[in-house]
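S.K.: coords below, sequence missing:
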Ligand code: URA
């Protein structure tokens, strides 16, 4: 019969929503030390049982999942409107108290009134549809930092000129002087999926370097470069596009499957070439739309969303 392991262990669970599922990570112990039938939500110190049959454990797990999902879906009216860019929570609280909103046909003056994405909300005389996740393809211009907000300078999120959602962020970072494809979203699970080192998502860059690239460099990239600080890189594909002996400049396309800090620049630096222009062309299945000038953005198309499994 399975046992609970060390009784002094604290199995206090922390809800952590990730990806499509819901997980609960126990503090103070490795989850692997629990027998499988002790679902992630089981708290021995709470139940005082030595053994919970799998069927009961599964029921507890389902119940906890339902509670967590329910708590995610149900929200306050002021949050709903703020998420949809109608204003800040404090402005909205005052306005709802003063002028009200209509929720599912009823006039509401309580900003804490609970609504869900399927509620029919009318505010300032117009229907407000709730959109949980948004996805923008940005052609990042040079000179802008990849951050959500900054006290001193504009960020890539500031380029998204839409009713302000405060939860937008860039998926990964491009250096200030790098251009090209950057996904801006509020979907943390997708971001995690695209950036996770385990996923090895292909990133393709156009690069201009000061130096003369040749076939032996292609081999070095293919075999996995070792950076000047000793860090080993995964194999990368280098395709030389042009070489100008006169200007001492080469152009190439490089595909990397990881995202180390200044990855591409450091890779070229390790073979004695300096990157003078860098532009990301694609990330996984997403390809930079050639119609987007630097600084321009658009929503992802239905096909692009499908290619990301959304
Ligand atoms: N590699 C770099 O060196 N810089 C970037 O911005 C992206 C990849």
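M.R.: Ah, there it is. Because the structure is predicted, anything quoted here is derived from the model rather than measured. Numbers count the residues shown, from 1 in each chain.

S.K.: mind listing the helices in the stretch 1-150 of the chain by residue range?
M.R.: Counting by DSSP state H, counting those that start in this stretch, the stretch 1-150 of the chain has helices at residues 44-47, 54-73, 77-83, 89-99.

S.K.: And these: which comes nearest residue 162?
M.R.: helix 77-83 (12.3 Å; CB to CB). The C-beta positions use only the backbone N, C-alpha and C, and glycine is treated the same way.

S.K.: How about the residues of the stretch 101-250 of the chain by the ligand?
M.R.: When proximity is defined as CB under 6 Å from any ligand atom, the stretch 101-250 of the chain approaches the ligand at 174-175, 178.

S.K.: And for stretch 108-118, what's in contact with it?
M.R.: 73-78, 80, 92-93, 96-97, 100-103, 121, 130, 132 (CB atoms under 8 Å, 6 or more residues apart in numbering).

S.K.: Which PyMOL command selects the buried ones in the residues you listed?
M.R.: Command for PyMOL that selects the buried part of the contacts of stretch 108-118, burial taken from 16 or more other CB atoms under 10 Å:
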select buried, resi 75+76+77+78+80+92+93+96+101+103+121
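
S.K.: ok, and the closest non-adjacent residue to residue 78?
M.R.: residue 111 (4.0 Å; CB to CB, 6 or more residues apart in numbering).

S.K.: what's the spacing between the one you found and residue 132?
M.R.: 20 Å (CB to CB, to the nearest Å).

S.K.: Same question for residue 202.
M.R.: 28 Å.

S.K.: Name the spans of the chain whose pLDDT lies under the cut-off.
M.R.: Low-confidence segments of the chain (pLDDT under 70): 1-52, 68-72, 164.

S.K.: Please parse it into its domains.
M.R.: The chain breaks down into these domains under automatic domain parsing: 13-73, 75-128, 135-196+288-307, 202-283.

S.K.: returning to that earlier point: show the buried residues in the residues of the stretch 101-250 of the chain next to the ligand.
M.R.: For these, buried by 16+ other CB under 10 Å: 174-175, 178.

S.K.: Throw these into a markdown table and include distance to residue 233 and secondary structure, thanks.
M.R.: Formatted as a markdown table, these follow (distance: CB to CB, whole Å; DSSP: H, G, I helix; E, B strand; the rest coil):
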| residue | distance to residue 233 | secondary structure |
| --- | --- | --- |
| 174 | 18 | coil |
| 175 | 17 | coil |
| 178 | 18 | coil |
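
S.K.: Is there a neighbour count for residue 264? I'd like the number.
M.R.: 20 (other CB atoms under 10 Å).

S.K.: That one touches residue 207, doesn't it?
M.R.: Yes: the criterion here is CB atoms under 8 Å, and residue 264 meets it with residue 207 at 6.2 Å.

S.K.: who touches both of these two?
M.R.: 254, 275, 278.

S.K.: Direction included, what does whichever strand or helix holds the second one pair against?
M.R.: In the assignment (DSSP states H and E), residue 275 maps to strand 274-283. Paired strands of strand 274-283, with direction, are strand 179-185 (parallel), strand 203-210 (antiparallel), strand 286-287 (antiparallel) (DSSP bridges).

S.K.: Please state the offset of whichever helix or strand comes after the last one from the chain centre?
M.R.: Read it as strand 286-287. Sequence-wise, the next helix or strand downstream of strand 286-287 (DSSP H and E) is strand 297-299. With CA atoms, centre = their mean, to the nearest Å as the basis, strand 297-299 stands 17 Å off its chain's centre.

S.K.: Tell me which other helices or strands strand 297-299 touches.
M.R.: Judged by 3 or more CB pairs under 8 Å, 6 or more residues apart in numbering; DSSP states H and E, the packing partners of strand 297-299 are strand 135-140.
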